[in-house]
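Visitor: everything below, folded, please.
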Amino acid sequence: MKIKNVGIVVGLISLGVFYFLINPNEVNFFLKCPLYDVTGFYCPGCGSQRATHQLLNFNFFGVLQQNILYFISLLILTYHLIVTGINTIFKKHIYNYIYHPKTPLIILVVILIFWVLRNIPYYPFNLLAPN
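Guide: All right, here's what the predicted structure looks like:
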């Protein structure tokens, strides 16, 4: 059991170092988005590999340029970790809105709207497309 956990941690660190060192814009051996390759439309996740590289190099504006939804999801994850940490460490009972029954529906609607808007080829919507 512990060897499995160590393997996961080593794998994640290795992947992080890989994305820190190698810019997906400068090489072409990274996986391409199959939806974009087939249809020419950006999916909600397009630009996430480049955004990960930008994030690991502390270029937050670059993260926003690649995929603003990626940045928003990081903020939501940070919120969740902070509330969970406070509740666990300090034995508090702060309500975590991630567990609200309507949260998945709201997230789905935001993702669908983002998906449609980032594929409109006119300003300001074309700013949502990855660079």
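Visitor: elements contacting the longest helix that the chain contains?
Guide: For the chain, the helix with the greatest residue count under DSSP state H is helix 68-89. If you count contacts as 3 or more CB pairs under 8 Å, 6 or more residues apart in numbering; DSSP states H and E, helix 68-89 packs onto helix 48-56, helix 60-66, helix 103-117. Bear in mind the C-beta positions are built from the backbone N, C-alpha and C, glycine included.
Visitor: any idea of the mean pLDDT for it?
Guide: Helix 68-89 carries an average pLDDT of 95.
Visitor: could we number from 602 for the rest of this?
Guide: OK, 602 is where the count begins now, so the last one is helix 669-690.
Visitor: in PDB, could you pull the C-alpha coordinates for that helix?
Guide: The C-alpha trace of helix 669-690 is given here as PDB (Å, rounded to 0.1, in the frame of the first residue of the first chain):
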ATOM      1  CA  ILE A 669      -9.500  30.900 -18.100                       C
ATOM      2  CA  LEU A 670     -11.700  28.000 -17.000                       C
ATOM      3  CA  TYR A 671      -8.500  26.100 -15.900                       C
ATOM      4  CA  PHE A 672      -7.700  29.100 -13.700                       C
ATOM      5  CA  ILE A 673     -11.200  29.300 -12.200                       C
ATOM      6  CA  SER A 674     -11.100  25.600 -11.500                       C
ATOM      7  CA  LEU A 675      -7.800  26.000  -9.600                       C
ATOM      8  CA  LEU A 676      -9.500  28.800  -7.500                       C
ATOM      9  CA  ILE A 677     -12.400  26.400  -6.800                       C
ATOM     10  CA  LEU A 678     -10.000  23.600  -5.800                       C
ATOM     11  CA  THR A 679      -8.100  26.000  -3.500                       C
ATOM     12  CA  TYR A 680     -11.400  27.100  -1.900                       C
ATOM     13  CA  HIS A 681     -12.300  23.400  -1.300                       C
ATOM     14  CA  LEU A 682      -8.900  22.500   0.200                       C
ATOM     15  CA  ILE A 683      -8.900  25.600   2.500                       C
ATOM     16  CA  VAL A 684     -12.400  24.900   3.800                       C
ATOM     17  CA  THR A 685     -11.700  21.200   4.200                       C
ATOM     18  CA  GLY A 686      -8.400  22.000   5.900                       C
ATOM     19  CA  ILE A 687     -10.000  24.500   8.300                       C
ATOM     20  CA  ASN A 688     -12.800  22.000   9.200                       C
ATOM     21  CA  THR A 689     -10.400  19.200   9.700                       C
ATOM     22  CA  ILE A 690      -7.600  20.900  11.600                       C
END
